[in-house]
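Peer 1: Sequence unavailable; structure follows:
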């Protein structure tokens with residue numbers, strides 16, 4: 001269930017600031033190779049409709065086409081990892097650590113646990129999916 005709040009957030013240096021005017025999806029922990037490489041461990045991300053995201057300050061926001069399926073945004077000044085967006089979808093993921101406290105959001109699951117770092121043990125009791133949740137569901141059909 002999504003939580004409707006007016007959330008604010010920013011990168012570390014404040015070069016990128018945003019407001020979300022609408023519901024945020026619960027946090028999903030992603031352990032895929034790209035998330036591990038861009039975050040240094042794994043990504044904790046909420047998400048919203050792209051139309052609900054308002055960039056207040058975006059002078060240092062840069063987008064990187066990380067694959068044929070997605071692009072990622074970061075601050076070119078402090079290096080903060082901010083957003084992830086699948087190509088052709090209206091949803092945008094927001095790195096949970098960039099959302100100002102209190103967030104009021106809870107975590108819901110872990111995805112791509114098959115590529116999680118070998119030093120990390122997932123022990124929080126949340127559902128775990130070998131691939132992305134939607135891929136696992138499709139594989140079970």
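Peer 2: The structure has been received and is ready for your questions. Treat the numbers as computed from the prediction; the structure is a model and nothing was measured.
Peer 1: Return the backbone torsion pair for residue 17.
Peer 2: When read as degrees, to the nearest 10, the backbone of residue 17 gives phi -130, psi 150.
Peer 1: Mind telling me which residue is nearest the centre of the protein?
Peer 2: Residue closest to the mean C-alpha point of the chain, counted by CA atoms, centre = their mean, is residue 45 at 2.8 Å.
Peer 1: residues contacting the nearest residue to residue 122 once chain neighbours are set aside?
Peer 2: Once its chain neighbours are removed from consideration, residue 122 has its nearest residue in residue 110; the separation is 5.6 Å (CB to CB, 6 or more residues apart in numbering). (Each C-beta comes from the backbone N, C-alpha and C, glycine too.) Contact analysis of residue 110 by CB atoms under 8 Å, 6 or more residues apart in numbering lists 28-31, 116, 122, 126-129.
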